[in-house]
Every structure is written in C-alpha cells, then in structure tokens.
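*Asks:* here are the coordinates; sequence isn't available:
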C-alpha cells in the first residue's frame, strides 16, 4: 500500500491495511487508538505467537507477546524488551507514523521472535541494533 501524502496514518488507515494483509487477525479502534491482535509464526519450525499491537495517531506502536509468555534464560533478563514487556523492534527514528504497521512493525516483530527463539537455544542475540538503554 502507498501511504497518503503528509503526516501520520490514522488508526483506521492502519487497521484497514492490517486487515487487508492479515484477514484472520482482529483489529478494533476505540477512542482513536488501534488495538490489533494476530498470530505470527516466524519460521515453519517455530511455535505460533499471539501478538498485540496498540497505536494511536502520531504515537509509536507498542508490541507485546500476549501468548505464550516469553521466558528468559536462567540468570539472564529477556533481551530487547522494555520494562513493561513491549518488544524493542527498532532504533529511534527508524519508524515514522506515516509508515504502515503491516509493512514494518509486524515483519519486525516476526523477525524479533525468530531472534528470540535463537537466543533461547544458544544464549546469543543475533540481531543488529542495541537493547533499550532506558526502559520506555
């Protein structure tokens, strides 16, 4: 999809784009805020993860894994997450409100989940980027 000219996409525009790409997922908009819930399976050998994305106009999307609960390794904190459990998917400035969540945030969340599975098995986070320095 091509974003409209000018500023941020509305929650309704984001929801329509998500519904077009992921028709079995659920999306609802209340009080100008989009809540999208869908199932991602990062690889054919991966388990399925239910993720929830919340976003308002001009706000950064917040992504959490609703099911299953993410687990850390013994004596290690879960990497690349904020204190409240939101996934750290991109560095400052990489995502803009004029970008479609379906084309950016969802694929980035899928990639994050693949790296999570590798980290669980090996103890090494293979992705580029920095873990959040300060919790959001």
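*Replies:* Everything's here; your move. Bear in mind that the values here come from a model prediction, so they are computed numbers and not experimental data.
*Asks:* what residue of this structure is the furthest out?
*Replies:* Within the chain, residue 75 marks the point farthest from the mean C-alpha position, 25.4 Å out by CA atoms, centre = their mean.
*Asks:* that one: what secondary structure?
*Replies:* Here residue 75 is recorded as coil under DSSP: H, G, I helix; E, B strand; the rest coil.
*Asks:* and it, how far is that from residue 88?
*Replies:* Using CB to CB, to the nearest Å, residue 75 is found at 21 Å from residue 88. No exception for glycine: its C-beta is placed from N, CA and C like everyone else's.
*Asks:* what element comes up after the host helix or strand of residue 50 heading to the C-terminus?
*Replies:* Using DSSP states H and E, the element containing residue 50 is strand 49-56. Later in the chain than strand 49-56, the nearest helix or strand by DSSP H and E is strand 62-67.
*Asks:* so which elements touch that following strand?
*Replies:* Judged by 3 or more CB pairs under 8 Å, 6 or more residues apart in numbering; DSSP states H and E, the packing partners of strand 62-67 are strand 49-56, helix 105-122.
*Asks:* mind listing what's buried in that strand?
*Replies:* 62, 63, 64, 65 (16 or more other CB atoms under 10 Å).
*Asks:* what residues are bridge-paired with the first one?
*Replies:* Pointing back at residue 62 there. Taking DSSP bridges, one obtains residue 54 as the residues bridged to residue 62.
*Asks:* what pLDDT does it get?
*Replies:* Looking at residue 62, its pLDDT stands at 97.
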